[in-house]
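A.B. asks: predicted model, plus sequence, below.
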Amino acid sequence: MSIKNIRLEVMQFLEKNVDTFVEQYLIPVEKIWQPTDFLPNSQGENFFEEVKELREIAKELPYDFWVTLVGDTITEEALPTYESWLMDVEGVNQVEDGGNGWSKWIRQWTGEENRHGDLLNKYLYLSGRVNMREVEMTTQHLINDGFDIGTGSDPYKNFVYTSFQELATYVSHNRVAQIAKKFGDNKLSKMCKMIAGDEMRHHHAYSEFVTRIFQVDPSEMMLAFQYMMKQKIVMPAHFLRESGQKISTAFEQFSDSAQRIGVYTANDYVDIMQKLMDKWEIDKISNLTDEAEKARDYLMKLPARMARISERLVIPQESHIFKWVEPARL
């Protein structure tokens, strides 16, 4: 049987548990928080006073913080790209009989994720601190440009990617929450904490999918994990650009801002890699082929090697001035 057919068989095997996954890792619409829960009530008599208070507190937040928050928001707003990519993964069928279990999972995961961009976008708009038209153009460019995360339609590689990326977004939103709280913006801090909580739940889901695959197809799962770590995990917004600029030209400067204020760093990348190895207990997995054993050896040595590289990284001290955030307005 070909590798592709085995992957399809494994996906069909796991699909029998999709309803359990939905119940365990996702929250029903009527019970989960919605963006309006954390924003000024537009139907309330005190709406304008609440907006004024939000804007006053927002004045205290520094330049790199705003760049990072805008970049995080744009990343969340590019959700159509992520949903369409996952719908193309082997074993996912959104057409026949109204879609299979995996398409149900992706739609409901997307529904939860969609609230993140909604909440952050409304906060940015009300804050008065950013140029929303520039933010909106960057978002449209990012959706237009799509992304290539190096997984193809391979479910094993895609689940490694989502396991990593959901944990990375948890780290990012959680750190933004901590910084907002430090500057006295408790409401923004709560928003980002709630988003981070969703990301952690989603991380647990995708990493559980990988755990289950390791149980039934350990060698191929190990090879897929090694492949993704060797080529490195690219961030969803790696094609980020400002208006009038070429594809991908803004990502490095955005990443520098996030590193400067400690929201997401090269050390975090290494830590996440190690957490995944520990979670999946790759040192204990048995019945591997010779090729998969070599892949495991490579993986076991990788965090220490990446840590040495990250120590040598030099981040520019000066902030790049983005069209999204004009210093004169801060």
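C.D. replies: Structure's in. What do you need?
A.B. asks: I'd like to know how many residues surround residue 323.
C.D. replies: Residue 323 has 17 neighbouring residues, counting by other Cβ atoms under 10 Å. All C-beta atoms are positioned from the backbone trio N, CA, C, and that covers glycine.
A.B. asks: now residue 149
C.D. replies: Residue 149, neighbours per other Cβ under 10 Å, totals 19.
A.B. asks: one more: residue 47?
C.D. replies: Residue 47, neighbours per other Cβ under 10 Å, totals 13.
A.B. asks: and it, what does it touch?
C.D. replies: 40-41 (Cβ atoms under 8 Å, 6 or more residues apart in numbering).
A.B. asks: the one 4 residues further on now?
C.D. replies: The contact partners of residue 51, by Cβ under 8 Å, 6+ apart, come to 40, 126.
A.B. asks: what helix or strand is it on?
C.D. replies: helix 47-58 (DSSP states H and E).
A.B. asks: following element in sequence after that helix, please.
C.D. replies: Next along the chain after helix 47-58, taking DSSP H and E as the criterion, comes helix 63-77.
A.B. asks: so where's the stretch 151-300 of the chain shaky on pLDDT?
C.D. replies: Filtered on pLDDT under 70, the stretch 151-300 of the chain yields no residues whatsoever.
A.B. asks: ok, which stretches of it are helices?
C.D. replies: Assigned by DSSP state H, counting those that start in this stretch, the helices in the stretch 151-300 of the chain fall at 155-182, 186-216, 218-231, 251-260, 266-280, 290-311.
A.B. asks: can you show me the CA trace of the fifth one as PDB?
C.D. replies: So that's helix 266-280. Output of helix 266-280 as PDB, limited to C-alpha atoms (Å, rounded to 0.1, in the frame of the first residue of the first chain):
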ATOM      1  CA  ALA A 266      13.800  32.600  18.900                       C
ATOM      2  CA  ASN A 267      14.100  31.000  22.300                       C
ATOM      3  CA  ASP A 268      10.300  30.400  22.300                       C
ATOM      4  CA  TYR A 269      10.600  28.600  19.000                       C
ATOM      5  CA  VAL A 270      13.100  26.200  20.600                       C
ATOM      6  CA  ASP A 271      11.000  25.800  23.700                       C
ATOM      7  CA  ILE A 272       7.900  24.800  21.600                       C
ATOM      8  CA  MET A 273       9.900  22.300  19.700                       C
ATOM      9  CA  GLN A 274      11.100  20.700  22.900                       C
ATOM     10  CA  LYS A 275       7.600  20.700  24.400                       C
ATOM     11  CA  LEU A 276       6.300  18.800  21.400                       C
ATOM     12  CA  MET A 277       9.000  16.200  21.700                       C
ATOM     13  CA  ASP A 278       8.200  15.800  25.400                       C
ATOM     14  CA  LYS A 279       4.500  15.600  24.700                       C
ATOM     15  CA  TRP A 280       4.800  13.000  22.000                       C
END
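A.B. asks: got the buried residues for it?
C.D. replies: For helix 266-280, the neighbour count (16 or more other Cβ atoms under 10 Å) marks 266, 268-273, 275-277, 279-280 as buried.
A.B. asks: using TSV, lay out the residues you listed together with distance to residue 210.
C.D. replies: Putting these into TSV (distance: Cβ to Cβ, whole Å) gives the following:
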residue	distance to residue 210
266	23
268	20
269	18
270	19
271	18
272	14
273	13
275	12
276	8
277	11
279	8
280	6
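A.B. asks: ok, those vs residue 176, which is closest?
C.D. replies: Residue 176 has its nearest neighbour among these in residue 268, at 13.0 Å by Cβ to Cβ.
A.B. asks: that closest one contacts residue 170, correct?
C.D. replies: No - using Cβ atoms under 8 Å, residue 268 is not in contact with residue 170; the gap is 10.3 Å.
A.B. asks: one step back: out of the helices of the stretch 151-300 of the chain, which comes closest to residue 114?
C.D. replies: It is, among the helices of the stretch 151-300 of the chain and with distance given as Cβ to Cβ, helix 186-216, at 10.7 Å.
A.B. asks: quick one: list the elements packing against the closest one.
C.D. replies: For helix 186-216, the elements it packs on are helix 3-15, helix 18-25, helix 47-58, helix 101-127, helix 155-182, helix 218-231, helix 266-280, judged by 3 or more Cβ pairs under 8 Å, 6 or more residues apart in numbering; DSSP states H and E.
A.B. asks: ranking those helices by burial, who's on top?
C.D. replies: Greatest average neighbour count among those goes to helix 155-182 (a mean of 22), per mean count of other Cβ atoms under 10 Å.
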